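**Student:** Build me a model:
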Amino acid sequence: MNIFVAGATGVVGGRAVVELLATGARVTAIARSAQKRAELERLGATPTQVDLFDHDGLMTAVAGHDVVCNLATAIPTGPGAAEPAAWAVNDRIRREGVRNLVDAAIEAGAVRFVQESIVLLYADGGDALLDETAPIAPAGTASSVVDAEASASRFAEHGGVGVVLRFGQFYGYDSGHTVAAIAAVRSGAPGELGDVAAYRSVITTNDAATAVVAALRAPSGVYNVVDDEPLSRAGNIAALAGALGVPTPVPPSTTPDLPPHLSAMLRSQRVSNARFKVATGWRPRFPSAREGWAHVVGEWSAQAQGAEN
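**Tutor:** Just a heads-up that it's a prediction; the model follows:
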């Protein structure tokens, strides 16, 4: 099987390439720098340099591939992420970039298209367990995700298998957001938004990567990719504090007046992964953030010690 991967050098994409190669597939992956090309070659993938906004270039690059996986995003970090303009590139990827990739996949005669998405689309569900039929309320940064999902559906309308993976919030030792969360809990001042009793659905970057491989055997449709037991925000903080061996801080429940493009981050989203598990047999290695944070903190500590040495 020949698989084309966009977003192959991100925290999930790099892991997904490793998992895909382990199945015996031949993987072509986009790399935008000499360093990234070298990293992909060391893994055993074939790097290619093409822009997601280059429609004709993608037609050439994707030709001959059976499967196209799009894991590309450009999520802004830091204080600047509060500005709507910081999300422009990410929105363009999910609209124009995905549209171009689907065009190229259809032209290539690919049989399957896998598209990343996010559970932040769901409306606030309180304590209810949300499956793929739950109402969505795309707002701000999540609005372009609907366009990306529609592109995957268009691929299915052309006779292929279009799979959308709605991921929970990623965490892994090499994620900038994860490193910031570790630092905040160690300092006793986690930066939480919204009611700490509200649910946040998460998934480790390792489990997200194995889900990409599982998507190769899923029927067309939308699937939630989260762990088995979503915890509240307070539960996530307690799990991280326990993994770090520090006292559990008790952040106040705050409901700030966020700009519309970030308002979805205040929602309670207790999301179910049951449909994906039944369809593919996939299981997360880490059933909840309790086990996940213990592993991630272990990897983070080992990496930090290695850097010191």
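**Student:** quick one: residue 235 from residue 80, how far?
**Tutor:** From residue 235 across to residue 80, the span is 29 Å (CB to CB, to the nearest Å). (Each C-beta comes from the backbone N, C-alpha and C, glycine too.)
**Student:** quick one: the strands in the stretch 51-200 of the chain?
**Tutor:** Ranges of strands within the stretch 51-200 of the chain are 67-70, 112-118, 129-130, 161-167, 169-171, 199-200, based on DSSP state E, counting those that start in this stretch.
**Student:** ok, back up a step: okay, residue 235 and residue 80: which has more neighbours?
**Tutor:** Counted by other CB atoms under 10 Å, residue 235 and residue 80 do not tie: residue 235 has more neighbours, with 18 against 9.
**Student:** Helices along the stretch 1-150 of the chain, start to end?
**Tutor:** Taking DSSP state H, counting those that start in this stretch, the helices of the stretch 1-150 of the chain run over residues 13-22, 34-43, 55-62, 88-92, 98-108, 143-157.
**Student:** among the ones you listed, which gets the worst mean confidence?
**Tutor:** Within the helices of the stretch 1-150 of the chain, the stretch with the lowest mean pLDDT is helix 88-92, showing a mean of 89.
**Student:** Show me which positions of that helix end up buried.
**Tutor:** 90, 91 (16 or more other CB atoms under 10 Å).
**Student:** who touches it?
**Tutor:** 53, 73, 74, 75, 76, 141, 143, 144 (CB atoms under 8 Å, 6 or more residues apart in numbering).
**Student:** Give me the distance between the first one and residue 99.
**Tutor:** Taken as CB to CB, the spacing of residue 53 relative to residue 99 amounts to 10 Å.
**Student:** Same drill for the two, tell me which one is more crowded.
**Tutor:** Taking other CB under 10 Å, residue 53 and residue 99 do not tie; residue 99 has more neighbours (17 against 13).
**Student:** how about the nearest residue to the more buried one, chain neighbours excluded?
**Tutor:** Nearest residue to residue 99, sequence neighbours excluded (CB to CB, 6 or more residues apart in numbering): residue 151, at 5.2 Å.
**Student:** Next, the contact list for the one you found, please.
**Tutor:** Residue 151 sits in contact with 98, 99, 101, 102, 115, where contact means CB under 8 Å, 6+ apart.
**Student:** show me where the stretch 201-309 of the chain has strands.
**Tutor:** Ranges of strands within the stretch 201-309 of the chain are 202-204, 221-225, 231-232, 270-271, based on DSSP E, counting those that start in this stretch.
**Student:** Okay, buried residues for stretch 16-32 please.
**Tutor:** 16-21, 25-31.
**Student:** Quote the end-to-end distance of it.
**Tutor:** Start-to-end span of stretch 16-32 (CA to CA, to the nearest Å) is 18 Å.
**Student:** So what's the gap between that stretch and the chain middle?
**Tutor:** Distance, stretch centre to chain centre, for stretch 16-32: 17 Å (CA atoms, centre = their mean, to the nearest Å).
**Student:** what do you get for stretch 60-77?
**Tutor:** Relative to its chain's centre, stretch 60-77 lies at 13 Å (CA atoms, centre = their mean).
**Student:** Now render the buried residues of stretch 16-32 as TSV, adding distance to residue 48.
**Tutor:** TSV is the format used below for those (distance: CB to CB, whole Å):
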residue	distance to residue 48
16	16
17	13
18	18
19	19
20	15
21	15
25	16
26	12
27	11
28	6
29	7
30	6
31	7
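**Student:** Nearest to residue 277 among these?
**Tutor:** Within the buried residues of stretch 16-32, the smallest distance to residue 277 is 17.2 Å, found for residue 19 (CB to CB).
**Student:** quick one: contacts for that closest one?
**Tutor:** Counting by CB under 8 Å, 6+ apart, residue 19 has contacts 209, 210, 212, 213.
**Student:** For these, pick the one with the most neighbours.
**Tutor:** Within the contacts of residue 19, residue 212 tops the neighbour count with 26 neighbours, counted by other CB under 10 Å.
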